[in-house]
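In: based on what follows, work out the 3D shape:
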Amino acid sequence: MPDITHLFYINAQASEVFEALSTVEGINTWWTKRADGKPMQGAKYTLWFGPDYDWRAVVTRCIRDTEFELEMTRADEDWQGTQVGFVLEQKEPGTQVRFYHTGWPEANDHFQTSSFCWAMYLRLLKKFVETGEIVPYEKRLDI
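Out: Now for the predicted structure:
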């Protein structure tokens, strides 16, 4: 099975990065239009991107300031059952972020498009944590 992976650095403490990628308040600044959920093992998340993209996930890994993983339970067909996760390592003066989206059934066009979109969204995560800038949802993939 093919996987999407990205490795990058954010000039901030791991605790700040973890908050931005695991809490509803954080996720809404760089990924979703609206989300609901709690960063704790077994918790369920609602990830809303619009009427046709009302997705669900469950937290399968949550180690404060270190790891956060969601398993997609309702999403596009080839996203269902995939894992979206982050592994954080404090590396002064910032944090190394290992991102993964694993469990794809095949490296189809949607896989390739999703890899590109993840890179764009992860840039927005970095921008938000480092500068506090929030790009409006409708403009996020235009940056």
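In: can you count the residues close to residue 134?
Out: By other CB atoms under 10 Å, 13 other residues sit near residue 134. (C-beta placed from N, C-alpha, C; glycine too.)
In: i'd like the first residue to be 642 from this point on
Out: Happy to do that; since the first residue is 642 now, the last one works out to residue 775.
In: in a helix, it, correct?
Out: No - counting by DSSP: H, G, I helix; E, B strand; the rest coil, residue 775 is not part of a helix but coil.
In: adjacent strands (with direction) for the longest strand seen in the chain?
Out: Assignment by DSSP state E gives strand 694-704 as the longest strand of the chain. Neighbouring strands of strand 694-704 in its sheet, by DSSP bridges, are strand 685-691 (antiparallel), strand 708-715 (antiparallel).
In: average pLDDT for the longest one, rounded please.
Out: The average pLDDT within strand 708-715 is 98.
In: now it - C-alpha only, CSV.
Out: Extracted in CSV, the C-alpha atoms of strand 708-715 (Å, rounded to 0.1, in the frame of the first residue of the first chain):
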residue,chain,number,x,y,z
GLU,A,708,2.1,11.9,18.5
PHE,A,709,-1.4,12.3,17.2
GLU,A,710,-3.1,10.0,14.7
LEU,A,711,-6.6,9.8,13.3
GLU,A,712,-8.2,6.8,11.5
MET,A,713,-10.7,8.0,8.9
THR,A,714,-14.0,6.2,9.5
ARG,A,715,-16.2,8.2,7.1
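In: circling back to that earlier point, let me know which of the strands paired with strand 694-704 is tucked in deepest.
Out: strand 708-715 (a mean of 19; mean count of other CB atoms under 10 Å).
In: which neighbouring elements make contact with the helix or strand following that one?
Out: Along the chain past strand 708-715, the next helix or strand (assigned with DSSP states H and E) turns out to be strand 724-732. Counting contacts by 3 or more CB pairs under 8 Å, 6 or more residues apart in numbering; DSSP states H and E, strand 724-732 packs against helix 655-663, strand 694-704, strand 708-715, strand 735-743.
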